[in-house]
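Chemist: Only the shape, not the letters, is given here:
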RNA sequence: GCCGAAGUGGCGGAAUUGGCAGACGCACUAGAUUCAGGUUCUAGCGGUGGAAACGCUGUGGGGGUUCGAGUCCCCCCUUCGGCACCA
């Protein structure tokens, strides 16, 4: 073994060993399984520090669970459809396929250099036809079940990406990918009916006990359930009814006007001035400005029988509720603002308790609950009671009904781009929209197309792709040219891993044994940016797959860890800021083990990690110390057994033995229970410090040292596997590699302190410390404390009122 | 505006059930090794007063509960994240 720690000599050797020995290949057996998964990367070209951190976390868990005796599935793959590949094609003339596979090749070598314990035999790439054919199959099944459909609607259009975006993919009016402002455009699009599962997805949130609370809250808010009532307002002098939705039936008496969404069918019927309607419609979906247009018509408020004007307003959403609202300016700030702008009456119908009658005009809307005023027979009721009674009245009089609404919309999956899964339908003049036959799947994305960057998707002019025959009647037909949102690909890849790309196959109604064994994912790790996007889609897909009879699992991810970002100088690493740390450079300079160790040590996984070059050096220094430590007594511990009887060892040896058992206990709990790798590593550093200071005297001491060293290497194995392997072999434990060893166990007896430090307080202030034998009874502790010279002095002249004793820790004397 | 999380040394961060605040690491200081720099080793390291022993003070701010509060309760401030015309 070399004098100095040189990771470049160590790491490739063990990477080769693991690969040759198939060390991390997983197969079903009768052990308890553990499925550990990190979010797969987009093959952008090279990995970044965020990946290193994400995969280091996952790898520690996978390796730890393996050593704990679980049958661990730890796969990796590529989210390999998407726009960057297509943009590269447009810009540099490389085919997206070539670009993508070259990136995958390079990134795979990078991941291998990190020593991650993946079962590469299960690798998937979503751009592989063997993979995306099942996207198409799921789509067809959903089409059959009415869960996929096509409709025209206003959709989010990103002018820069030249494609449509789902609601989840618009972040603060901007495109999630390119950050450009999104506009509304009316288009025919394919949708997946995620709303069919709205209630179940909401209820399922209750099962997500292993998820961060904030992610569950975000999912709930996104689904956005609300209870309310739909009420019909008759248009005066016309045979027309406007149905509105409200969550505040208690304010019905205060409705002084009606607002319609611009795309609402009734808007067109009521407004004579089409040009004016066009103007309002143009502003539909814009957040900055509220504008309205009086239709010239009135509705009858069903409660007050008053005539109230009908407006078309740009801020009323067609997609939510009924596309029409009643406006109650006294009790809704938006309506209040609108009423001020257009000179509409404000009628107070809710008053806070004890409010005097005949209040001055409102300065702002009163949105709280309260007591009803000027509300006919409901006057005097509390809001909550009034809601129920008014709903009852509405239902009994045939004016409307109680309803539940969700903010969640169906998932628009059509993308007007090339590099994605072709949507497997054809358009036939005679038969309309016809799905491709299952036996004809996959619909292959044609390779031979031109990337001009203008005029939309290259598929629009790919004649050989476009032209086909109708699966139903055989006549000439045209293929759908839209491809699927790449979030479809990632919504079930964790299911694909259970089978591997070569064995992917589903038959409706036939449960898949591999899914039964491996699903659900026990531990999922990834960035919080997918809190609603990918995680919601995956929960949806898992239910669809369940309802196809392929699995019994409802929730795909039992435990979720959302790791923080890697930042530098307080900001996210980015090329433009010039603060990027390159993993290749880091591995070259310090090795994979140091890179992994620092990523895990510098912060708990869920928090942001501030990068520190000096900190990396500290991690390297620690590993060098371990390296030196293992050869320090190599002769003396060479033939020694590490099993020791604590009773026969010198006091110093007993100390190290105790520390070792305590460290095993702490590291096991920190990893196993809390996923607190930073404190686990700190504990290993403490043990290393004690080992360094340890001066063995006799053979028994060397046995203790050997035990400490072996335990250290076993516990380091999940964090810094190459170093652990090398040293494990070096001290002659070479029959099995350390990655396949058993995790060490501690002995509670040997971990017990013989002495503890007793803190003595007087009136809550620390006045003395004493070493006392562990396990002394309370009385003895009290006597000891009261007998201490310093304490006698501190309480001199005072009367002892009370003495509080905390077993083995502290005595507090209350005196005055 | 609404919802959520977090505020601890110069920095990253530790602290079962309320029980020694600052583990571990980084930076820094002093000493040893070295021609020197780096490395490595030893020691120190919240603030403040003191030569020292030791004292006082200290976990964003203010109140409270308690023998005892970083931890529990109330109010406030700041930062970060999410949602935001959802009627």
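Modeler: Received the coordinates, thanks. Computed from a prediction, not measured in an experiment: that's the story for all the values here. Residues are numbered from 1 along each chain as shown, chains lettered A, B, ... in the order given.
Chemist: what does the average pLDDT come to for stretch A:420-427?
Modeler: What stretch A:420-427 shows for mean pLDDT is 97.
Chemist: Could you tell me the end-to-end distance of that stretch?
Modeler: Stretch A:420-427 stretches 19 Å from its first residue to its last (Cα to Cα, to the nearest Å).
Chemist: May I see the buried residues of that stretch?
Modeler: The neighbour-count check on stretch A:420-427 (16 or more other Cβ atoms under 10 Å) flags A:420-427 as buried. (Each C-beta comes from the backbone N, C-alpha and C, glycine too.)
Chemist: So which of the residues you listed sit within strands?
Modeler: A:425-427 (DSSP state E).
Chemist: nearest to RNA strand B, of those?
Modeler: Proximity of these to RNA strand B (Cβ to the nearest atom of the strand) peaks at residue A:425, which lies at 29.0 Å.
Chemist: interface residues of the stretch 151-300 of chain A facing RNA strand B?
Modeler: In this structure, the stretch 151-300 of chain A approaches RNA strand B at residues A:171-172, A:213-214, A:217-218, A:221-222, A:224, A:226, A:228, A:245-248, A:261, A:286-290, judged by Cβ under 7 Å from any atom of the strand.
Chemist: re earlier: what's the closest of the buried residues of stretch A:420-427 to residue A:206?
Modeler: Distances from residue A:206 to the buried residues of stretch A:420-427, taken as Cβ to Cβ, are shortest for residue A:421 (33.0 Å).
Chemist: Okay, the closest one and RNA strand B: tell me how far apart.
Modeler: 25 Å (Cβ to the nearest atom of the strand, to the nearest Å).
Chemist: these two touch, right, that residue and residue A:483?
Modeler: Yes. Between residue A:421 and residue A:483 there is a contact at 5.7 Å, judged by Cβ atoms under 8 Å.
Chemist: quick one: low-confidence ranges for chain A?
Modeler: A:1-2, A:354-360, A:646-647, A:734 (pLDDT under 70).
Chemist: how does it divide into domains?
Modeler: A:7-134+A:491-577, A:135-193+A:410-486, A:225-406, A:627-751, A:755-815 (automatic domain parsing).
Chemist: follow-up on the earlier one: make CSV from the ones in strands among the buried residues of stretch A:420-427 and add distance to residue A:441 to it.
Modeler: Output for these, formatted as CSV (distance: Cβ to Cβ, whole Å):
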residue, distance to residue A:441
A:425, 12
A:426, 13
A:427, 18
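Chemist: on that earlier part again, save the domains of chain A as TSV, and put in distance to residue A:207 too.
Modeler: Listed next are the domains of chain A as TSV, based on distance: least, Cβ to Cβ, whole Å:
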stretch	distance to residue A:207
domain A:7-134+A:491-577	5
domain A:135-193+A:410-486	21
domain A:225-406	17
domain A:627-751	20
domain A:755-815	40
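Chemist: Cross-check the ones in strands among the buried residues of stretch A:420-427 against RNA strand B and keep the overlap.
Modeler: Applying Cβ under 7 Å from any atom of the strand to these, none is adjacent to RNA strand B.
Chemist: Among those residues, which one lies nearest to residue A:112?
Modeler: Looking across these and measuring by Cβ to Cβ, the closest to residue A:112 is residue A:425, at 40.3 Å.
Chemist: show me the contacts for the closest one.
Modeler: By Cβ atoms under 8 Å, 6 or more residues apart in numbering, the contact set of residue A:425 is A:143, A:433-436, A:479-480.
Chemist: switch the cut-off to 7 Å
Modeler: A:433-436, A:480 (Cβ atoms under 7 Å, 6 or more residues apart in numbering).
Chemist: How about residue A:640?
Modeler: Contacts of residue A:640 by Cβ under 7 Å, 6+ apart are A:699, A:702-703, A:706.
Chemist: which residue ranges form the helices in the stretch 651-800 of chain A?
Modeler: A:651-669, A:677-693, A:699-716, A:721-730, A:748-751, A:778-787, A:789-794 (DSSP state H, counting those that start in this stretch).
Chemist: Relative to RNA strand B, tell me which of those wins on proximity.
Modeler: Checked against Cβ to the nearest atom of the strand, the stretch from the helices of the stretch 651-800 of chain A lying closest is helix A:677-693, at 3.4 Å.
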